[in-house]
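Visitor: Pasting the sequence and the predicted model now:
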Amino acid sequence: MYDLKFVREHAGELRRAVEQKREHADLDAILADEERRRALLAEVEKLKAERNRTSQEIGRRKAAGEDVSASVAAMRELGERIRELDDQLRTIEGEIHERLQWVPNIPHPSVPVGDESANAVVRAWGTPREEEGLRNHLEIGEALGILALTPAAQMSGSGFIGFTGLGARLERALINYMLDLHGVAGYREMRVPYATRSAALFGCGQLPKLAEDMYRLEGEDLFLIPTAEVPLTNFYRGVIWNEEELPVNLVAYSPCFRREAGAHGKQTHGLIRLHQFDKVELVKIVTPERSYEELERLTADAEQVLQSLGLPYRVLLLASGDLSFASAKCYDLELWAPGSARWLEVSSCSNFEDFQARRIGLRYRGSDGKLHLVHTLNGSGVALPRLTVALLEHYQQADGTVRVPEPLRPYLGGIAALRAE
RNA sequence: GGAGAGGUGUCCGAGUGGUUGAAGGAGCUCGCCUCGAAAGCGAGUGGGCCCAUCGGGUCCCGGGGGUUCGAAUCCCCCCCUCUCCGCCA
């Protein structure tokens, strides 16, 4: 979220951003209200200055035993006027705030302008398998007895899945593997709440826009997190970092809960789109000068998961129209799933610049001694179900087993292949 | 869930209606002193917003309302922390 001064000074850019991101923010209304707000503010502050001055005087004169009833009466009247103006001010500030919440972050100049079709493949890694007759993950999973779609659907509905036996162990292995990998790369492992208040979600930009996409606990101001980004980015709310303490690199595993409202009928079967899925998430809190450099590192760190597991992928630079509300620049990592013959998004690595920092109030004290907003970044490192899909499909073997990539074996009791139990 | 205590600046801590944005101490910065350091001495040391050239004004003592000429101080609601009881994986 932007502050009003910024909006005043960068109205043109913001208008362009709203258009490019296909958001619906009324900048003209904000600017008009802002004019009125400032006029009102100047007036009411003048009156308050008078009240403060006179009230002090009343105190002094009263102590001296003078009759102050005339002044008190005058101030009572002034108080009424102030109250009126304050009410007007509060109303208009409420309107401005409401509208301001819907102003998206401005895309970075390096972001291609356009819709999805303008997304750019910036690099690709690995060699996709192209043989005929490769099975898809559902077929593989069923043959191995590691997936449990029906039981989960029966107790929880579509969009929920279970894993059994080796499948469950595979998920746990992947989580542990990724946490360890990122730990070595310098990320601090965190354990976070899986439900947060609305303020935390607002801070990351999930609210107000995505309210319908989240699960809310009945009767409480608590939402199941759609991503560990929320508790991680909010974790150090209120602390003021020293410049030399940055960057702060955090990693956490969490389940993620998404209603996926409106997504029905679209890729709803299997592991591709779920109401609950597991994810390892990376968050960086950095100084502004370094945030774009850190975005490249963050992306590279997420890629390292895929490379070390030997899975072919490509990196997309998202176009403005595909960029999320709070993001200034974002790379998507897509794994190739040869049995399904499609690319699967397993990670989005974003720089939010100071958009979230302003909402949450994340600041650092610079070498100049002053407070500045940090920049925040996050990226999946990576999402589990789709990683599992790509892994099963990529490492399937003619005998029906699935080869386990070397680095993962220590996490699976040393076995070299998944086979039916 | 019940009862009580409390939330003040970077930190500790005073302050229960009036020149308190906030005593005192610690820390930090600068200066003096010193060969240098420590100690000592002196000065400085919050943030947001509005107007403005220096500067001025306003708001902020967990958050939000209210009472009052005037609130960190009184009232209401909420959040958090601590202690005791209850319950519990």
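Guide: Everything's here; your move. Numbers count the residues shown, from 1 in each chain, chains lettered A, B, ... in the order given.
Visitor: Contact partners for the residue nearest to residue A:62 when sequence neighbours are not counted?
Guide: Once flanking residues are discounted, residue A:62 sits nearest to residue A:68: 5.3 Å by Cβ to Cβ, 6 or more residues apart in numbering. Using the backbone N, CA and C atoms, a C-beta is placed for each residue, glycine as well. Listed by Cβ atoms under 8 Å, 6 or more residues apart in numbering, the contact set of residue A:68 reads A:58, A:61, A:62.
Visitor: Can you list the buried residues in the top helix by length along chain A?
Guide: Longest helix of chain A, by residue count under DSSP state H: helix A:27-63. Of all the residues in helix A:27-63, those buried under the rule 16 or more other Cβ atoms under 10 Å are A:27, A:30, A:33, A:34, A:37, A:40, A:44, A:51, A:54, A:58.
Visitor: Kindly report the same for stretch A:288-295.
Guide: Buried residues in stretch A:288-295 (16+ other Cβ under 10 Å): A:291, A:292, A:294, A:295.
Visitor: Kindly report the residues of the stretch 201-350 of chain A close to RNA strand B.
Guide: Residues of the stretch 201-350 of chain A lying near RNA strand B by Cβ under 7 Å from any atom of the strand: residue A:240.
Visitor: Which parts of the stretch 201-350 of chain A are helices?
Guide: Ranges of helices in the stretch 201-350 of chain A, per DSSP state H, counting those that start in this stretch, are A:229-234, A:291-308.
Visitor: Name the spans of the stretch 101-250 of chain A whose pLDDT lies under the cut-off.
Guide: Judged against pLDDT under 70, the stretch 101-250 of chain A has no low-scoring part.
Visitor: Would you pull up how far stretch A:180-192 lies from the middle of the chain?
Guide: Distance of stretch A:180-192 from its chain centroid, counting by Cα atoms, centre = their mean, to the nearest Å, is 18 Å.
Visitor: Please point out which parts of it sit buried.
Guide: Per 16+ other Cβ under 10 Å, stretch A:180-192 contains these buried residues: A:181, A:182, A:185, A:187, A:190, A:192.
Visitor: next one: stretch A:224-242
Guide: Quick answer for stretch A:224-242 (16+ other Cβ under 10 Å): A:224-235, A:241.
Visitor: ok, of those, which one's closest to residue A:94?
Guide: Proximity of the buried residues of stretch A:224-242 to residue A:94 (Cβ to Cβ) peaks at residue A:234, which lies at 23.9 Å.
Visitor: my guess is the closest one meets residue A:193, correct?
Guide: No - Residue A:234 lies out of contact with residue A:193 (Cβ atoms under 8 Å); the separation is 9.5 Å.
Visitor: out of the buried residues of helix A:27-63, what pair is the most spread apart?
Guide: A:27 and A:58 (45.1 Å).
Visitor: out of the buried residues of helix A:27-63, who's nearest RNA strand B?
Guide: Here the nearest of the buried residues of helix A:27-63 to RNA strand B, counting by Cβ to the nearest atom of the strand, is residue A:58; it sits at 3.9 Å.
Visitor: quick one: contacts for that closest one?
Guide: A:68, A:71, A:72, A:75.
Visitor: Only whichever of these are buried, select them in ChimeraX.
Guide: Selecting only the buried entries of the contacts of residue A:58 in ChimeraX, with 16+ other Cβ under 10 Å as the criterion:
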select /A:68,71,75
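Visitor: From the contacts of residue A:58, list the ones also adjacent to RNA strand B.
Guide: Okay, of the contacts of residue A:58 touching RNA strand B (Cβ under 7 Å from any atom of the strand), that's A:72, A:75.
Visitor: Mark which of the contacts of residue A:58 are part of strands, please.
Guide: Among the contacts of residue A:58, none falls in strands (DSSP state E).
Visitor: just the contacts of residue A:58 now: which is nearest RNA strand B?
Guide: residue A:75 (3.1 Å).
Visitor: From residue A:293, how far off is the closest one?
Guide: 57 Å (Cβ to Cβ, to the nearest Å).
Visitor: Let me see the backbone angles for the residue nearest to residue A:62.
Guide: When read as degrees, to the nearest 10, the backbone of residue A:68 gives phi -110, psi 10.
Visitor: Quick one: neighbours of residue A:297, just the number.
Guide: 18 (other Cβ atoms under 10 Å).
Visitor: closest point of the stretch 301-421 of chain A to RNA strand B, which residue?
Guide: The nearest approach of the stretch 301-421 of chain A to RNA strand B comes at residue A:371, 5.1 Å away (Cβ to the nearest atom of the strand).
Visitor: Next up, the contacts around the closest residue to that residue other than its chain neighbours.
Guide: The shortest distance from residue A:371 to any non-neighbouring residue, by Cβ to Cβ, 6+ apart, is to residue A:363 (4.7 Å). For residue A:363, the contact set (Cβ under 8 Å, 6+ apart) comprises A:240, A:241, A:357, A:371, A:372, A:373, A:374.
Visitor: which one of the residues you listed is nearest residue A:329?
Guide: For those, the minimum distance to residue A:329 (Cβ to Cβ) is 15.5 Å, reached by residue A:357.
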